[in-house]
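Trainee: curious how this folds, go ahead:
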Amino acid sequence: MRGLTHRAVDERAGLPQGSTSNHARTRQALLETAVRRQVQLESQVLTPDELPGAAGPPGAAGPSGAARAAEGARDRPRDGAPGGAPGRTPDGTPGTAPGGPSEPAPHGPLDTDTLVDALSLALHRYLTDHRALLVSRYELALEATRRPELRAFFDAAGSVFHGPLVAMTAAAGSTEPERHALSLIAWCEGLMFSCAAGSFHAAVPSRAELRTGFEELLRGMLGGGTGPGRGESTGAAGDRGGRCRA
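Mentor: Okay, here's the model as predicted:
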């Protein structure tokens, strides 16, 4: 993160020197701006019509909580702007980093196949088209371990993805959606790190392999079968070779 400076941003963006400092006056403000941009880019990994209906009647497609939060992040107060510091309420309470607190949108019943399709598609896109985005997330996460003030902002920013996943897990039939959402996040994070920055970086699992992994995980969480047509992807994932296993 040492390369992330106001001057470097000006040069990379082709802006006059001092432009970034006018937007983010301090190092902390610059890092928070980077986190906002990270959230915005990650919310676009899936398009709205590829998401399990995050609002409205069952099956209706719409922007996720993360997408709505990222869309609103552009209008959030920056460092020194009216309304409080970035990532804080006007009274200074942490927890409103980009887009505000995450509140799970109401869900109708969600078919497990639909959830598995969306999760496997998103994870495969991360590992094939957005590896640089994952690495930048890890860089920011490590920086947050050294800066308590960034830690609070980073955690609040990440919460915009947590709420919708809890809602989707509950809609798929989970009786403990918070715990099961944490398990899903931990499984995804471990796989992404291993395949983007870890020892399995040279081989990316196929979408069929990822789908099988999600099926196995959700079967253990939700119990019983995982819906019609589930057996097909297991065969597709049979020849794993030296891939990063899902």
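
Trainee: what sits against the residue nearest to Leu210 when sequence neighbours are not counted?
Mentor: If the residues on either side of it in the chain are set aside, Leu210 comes closest to Ser120, at 4.2 Å by Cβ to Cβ, 6 or more residues apart in numbering. C-beta coordinates here come from the backbone N, C-alpha and C atoms, glycine included. By Cβ atoms under 8 Å, 6 or more residues apart in numbering, the contact list for Ser120 reads 207, 210-211, 213-214.

Trainee: can you tell me which helix in this structure is longest?
Mentor: Ranked by residue count, the top helix of the chain under DSSP state H comes out as helix 148-171.

Trainee: ok, so of the contacts of Ser120, who is nearest Thr47?
Mentor: Proximity of the contacts of Ser120 to Thr47 was ranked by Cβ to Cβ; the top entry is Arg207 with 16.1 Å.

Trainee: give me the number of residues near that closest one?
Mentor: 20 (other Cβ atoms under 10 Å).

Trainee: ok, it - contacts?
Mentor: Residues counted as contacts of Arg207 (Cβ under 8 Å, 6+ apart) are 120-121, 124.

Trainee: need phi/psi at it.
Mentor: For Arg207, the backbone dihedrals are phi -70, psi -30 (criterion: degrees, to the nearest 10).

Trainee: what's the spacing between it and Leu123?
Mentor: Here Arg207 is placed at a distance of 8 Å from Leu123 (Cβ to Cβ, to the nearest Å).

Trainee: from Ala118, how far off is Arg146?
Mentor: Taking Cβ to Cβ as the measure, Arg146 falls 34 Å from Ala118.

Trainee: the two - which one has more neighbours?
Mentor: Ala118 (18 against 9).

Trainee: which phi and psi does that one have?
Mentor: With angles defined as degrees, to the nearest 10, Ala118 sits at phi -70, psi -40.

Trainee: nearest spatial neighbour of it, skipping sequence neighbours?
Mentor: For Ala118, the spatially nearest residue (Cβ to Cβ, 6+ apart) is Pro52, at 5.2 Å.

Trainee: measure how buried the one you found is and give me the count.
Mentor: For Pro52, the number of neighbouring residues by other Cβ under 10 Å comes to 25.

Trainee: again with Arg131
Mentor: When counting by other Cβ under 10 Å, one arrives at 16 neighbours for Arg131.

Trainee: got it, and Asp111?
Mentor: Applying the criterion other Cβ under 10 Å, we find 16 residues in the vicinity of Asp111.

Trainee: give me the pLDDT for it.
Mentor: In the prediction, the pLDDT value recorded for Asp111 is 87.

Trainee: that one and Leu184, how far apart?
Mentor: 16 Å.

Trainee: next one: Phe214
Mentor: Applying Cβ to Cβ, the value for Phe214 to Leu184 is 8 Å.

Trainee: what touches both of these two?
Mentor: Taking Cβ under 8 Å, 6+ apart as the contact criterion, the common neighbours of Phe214 and Leu184 are Leu119.

Trainee: using CSV, list the CA coordinates for stretch 112-119.
Mentor: Only the C-alpha atoms of stretch 112-119 are listed here, as CSV (Å, rounded to 0.1, in the frame of the first residue of the first chain):
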residue,chain,number,x,y,z
THR,A,112,-31.5,-23.6,-3.7
ASP,A,113,-30.6,-24.1,-7.4
THR,A,114,-31.0,-20.4,-8.0
LEU,A,115,-28.7,-19.6,-5.0
VAL,A,116,-26.1,-22.1,-6.1
ASP,A,117,-26.1,-20.7,-9.6
ALA,A,118,-25.6,-17.2,-8.5
LEU,A,119,-22.9,-18.0,-6.0
